[in-house]
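>>> Sequence and predicted structure below; questions after.
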Amino acid sequence: MKKILYFLVISFVLLNCTTKKTELVLLGTVHEPIENFTSDSLYNILEKIKPDLILFEVDSSFFTNGFQFKKTWNSNENIATVKYMNRFNVDVRPYEFTGRNEYRVNIGARPTDQKATKLLDSLYETKKLDSLDMKTYKNYLNINDSLISFIDLGAKEFNNYISDKTAEKRQEFQYKKLLEIMRKYPVFSDTYFYKSNNDSISYFKGYEKASEFWDLRNRTMSRNILHFVKEYKGSKIVVLNGFFHRYYLKSLIEPKQRDMDFIIKEFYEY
């Protein structure tokens, strides 16, 4: 009887070890501290989840060869992660598009996209858009305000289906619908920004490149996340991401759960 019981216990333990799924938490964040979301808020979430791996929204240039931060800065994510690293055994890895900011400058997306947005806003304020475009831009502003309003309500409110759908809609307006408005008005194609190498790019083309990069960046981050899902099989992985990205990352990663044997969980399930 004792032998049978021992065999059952060992079998149960081995079965659990072999069937333990990787848990992935796409944790939407706000970079700067606000009343209902600070570095302490984020640290408390990490302490509840107890991750084996934290994926950080920067590229490898921010880390030493031993995956320690080269410097610290006053973001919620950095303060909370460093605090957690100092108290618990956890791996931290980068998953961002390499050289994100430099890449945007080099292709002419920055600061041209911001200048194009400012020009579009001025056309809206002075009522120089046609009635349909005025309505589209107003809808964009309203959706943007709705998304921003989630920030003040705490992490659970910008980590759920409603906030994800709002972010998706907001980004569709920003990178698709506003681009279509700019396409209709010659001023965006006839106004140029001159880069440091004296090469020029039109406001429209710069904004178009920014739109394309939004897709490229999220696809790259998703691919990198899935790399770590495969590498850290059976672990708890927390992906820290500005919550505007969450819907996009989730849409690309969620369909891979069955084939790669992992499960996506929300932080409030722990």
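Sure, I can see it. Residues are numbered from 1 along each chain as shown.
>>> Please compute how far whichever strand or helix holds residue 178 lies from its chain's middle.
Element membership of residue 178, judged by DSSP states H and E, is helix 178-184. Here helix 178-184 is found 25 Å from its chain centre; the criterion is C-alpha atoms, centre = their mean, to the nearest Å.
>>> And it, what's buried?
178-179, 181-182 (16 or more other C-beta atoms under 10 Å). The way it works is simple: take the backbone N, C-alpha and C, and place the C-beta from them, glycine included.
>>> So for that helix, mean pLDDT?
Average pLDDT, helix 178-184: 98.
>>> Can you name the element that comes right after it?
Following helix 178-184 toward the C-terminus (DSSP H and E): helix 186-190.
>>> What helices and strands are in contact with the helix or strand following that following helix?
For helix 186-190, the succeeding helix or strand toward the C-terminus, using DSSP H and E, is strand 192-194. In terms of contacts (3 or more C-beta pairs under 8 Å, 6 or more residues apart in numbering; DSSP states H and E), strand 192-194 is packed against strand 200-202, helix 203-231.
>>> Now do strand 192-194: everything it contacts.
Applying C-beta atoms under 8 Å, 6 or more residues apart in numbering, the external contacts of strand 192-194 come out as 108, 111-112, 115, 200-203, 206.
>>> cool, and stretch 39-49?
With C-beta under 8 Å, 6+ apart as the test, stretch 39-49 has contacts from 25, 27, 29, 33, 54, 75-77, 79-81, 83-84, 154-155, 236, 238, 240, 267, 270.
>>> Please indicate which of those residues are buried?
25, 27, 29, 33, 54, 75-77, 79-81, 83-84, 155, 236, 238, 240, 267.
>>> Of those, which belong to strands?
If you go by DSSP state E, the buried ones among the contacts of stretch 39-49 have 25, 27, 29, 54, 236, 238, 240 in strands.
>>> For those, work out which two are farthest apart.
Maximum pairwise distance among those (C-beta to C-beta): 17.2 Å, between 29 and 236.
>>> Distance check, the residue nearest to residue 263 when sequence neighbours are not counted against residue 166.
The shortest distance from residue 263 to any non-neighbouring residue, by C-beta to C-beta, 6 or more residues apart in numbering, is to residue 21 (5.1 Å). To residue 166, residue 21 is 29 Å away according to C-beta to C-beta, to the nearest Å.
>>> neighbour-wise, which of the two wins?
Neighbours per residue (other C-beta atoms under 10 Å) separate residue 21 from residue 166, with residue 166 holding more: 20 against 14.
>>> Could you list the buried residues of stretch 85-101?
Buried residues in stretch 85-101 (16+ other C-beta under 10 Å): 85, 90-97, 100.
>>> Could you dump these into TSV and include secondary structure, distance to residue 245 and pLDDT?
TSV is the format used below for those (DSSP: H, G, I helix; E, B strand; the rest coil; distance: C-beta to C-beta, whole Å; pLDDT from 0 to 100):
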residue	secondary structure	distance to residue 245	pLDDT
85	helix	23	97
90	coil	22	97
91	strand	21	98
92	strand	18	98
93	strand	17	98
94	strand	15	97
95	coil	11	98
96	coil	10	97
97	coil	11	97
100	helix	12	95
